[in-house]
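Asks: this one's sequence-less:
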């Protein structure tokens, strides 16, 4: 069972596991932080998110492998720029393959992510696999939001009333936080010296 915990503190997701035994009932509670509390709580109230999945490393690796980032031998910045709205658009691609669903929270390292935010988490991880620095990965997300935000509006990230307005100029703090968390999930990064201007230069 899932519910929201409200005790004059930031809202948290609570999972309750009930073990009915012959002579007693044991209830175990596990608490998770929301990556985007305002949106996520409203999504639950709207009935748009009804499931929770503990997302294991195997599933993360599958998303990363499917995006092709581990196969890039040169020009990682060009690959990131070209695939940002294609193979590296992890939330959309994951839903297309059936690996991700808009009605589900994905829990990683104690934080619950909606489908849009787990996509940002995976973007961060993918950029780390490419060897692109965290600052560049986050700046790239700002750039993508400015340039492509309106074209990328999708019903997959609309959780009902009060959750999905028009795109802001910058990437949201929750999006940027998810990118950082995903980036730092890579335990063996190899960071190349690439700056944001190089990443988004005009193609030859």
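Replies: That came through fine. Just so it is clear, the model here is predicted, and its values are computed rather than measured.
Asks: going forward, measure contacts and count neighbours with C-alpha atoms only.
Replies: Will do.
Asks: Just the element for the residue nearest in space to the middle of the chain, please.
Replies: Nearest to the mean C-alpha position of the chain, by Cα atoms, centre = their mean, lies residue 118 at 1.9 Å. Residue 118 belongs to helix 115-129 when elements are defined using DSSP states H and E.
Asks: Just want the angle from the helix or strand that that helix is followed by to helix 115-129.
Replies: Scanning forward in sequence from helix 115-129 by DSSP H and E, the next helix or strand is helix 134-148. Computed by axes from the mean of the first three to the mean of the last three Cα atoms, to 10 degrees, the angle separating helix 134-148 from helix 115-129 equals 130 degrees.
Asks: can you pull the buried residues of the helix or strand following helix 134-148?
Replies: The helix or strand immediately downstream of helix 134-148 is helix 173-185, counting by DSSP H and E. Across helix 173-185, burial judged by 16 or more other Cα atoms under 10 Å covers 174, 175, 176, 177, 178, 179, 180, 181, 182, 183, 184, 185.
Asks: Surely the residue nearest to the centre of the chain and residue 106 touch.
Replies: Yes: Residue 118 lies in contact with residue 106 (Cα atoms under 8 Å); the separation is 6.8 Å.
Asks: Spit out the residues that contact these two alike.
Replies: Shared contacts of residue 118 and residue 106 (Cα atoms under 8 Å, 6 or more residues apart in numbering): none.
Asks: could you dump the buried residues of helix 173-185 to a markdown table with pLDDT and distance to residue 80?
Replies: Formatted as a markdown table, the buried residues of helix 173-185 follow (pLDDT from 0 to 100; distance: Cα to Cα, whole Å):
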| residue | pLDDT | distance to residue 80 |
| --- | --- | --- |
| 174 | 94 | 21 |
| 175 | 92 | 17 |
| 176 | 94 | 17 |
| 177 | 97 | 19 |
| 178 | 97 | 18 |
| 179 | 96 | 14 |
| 180 | 97 | 16 |
| 181 | 97 | 18 |
| 182 | 97 | 16 |
| 183 | 96 | 14 |
| 184 | 94 | 18 |
| 185 | 92 | 18 |
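Asks: Centre of the chain to the helix holding residue 118, how far?
Replies: Counting by Cα atoms, centre = their mean, to the nearest Å, helix 115-129 is centred 5 Å from the centre of its parent chain.
Asks: other SSEs contacting it?
Replies: helix 57-66, helix 90-97, strand 104-108, helix 134-148, helix 173-185 (3 or more Cα pairs under 8 Å, 6 or more residues apart in numbering; DSSP states H and E).
Asks: Looking at these, spot the one closest to residue 41.
Replies: The closest of the helices and strands packed on helix 115-129 to residue 41 is strand 104-108. By Cα to Cα, the value is 11.2 Å.
Asks: No further questions, thank you.
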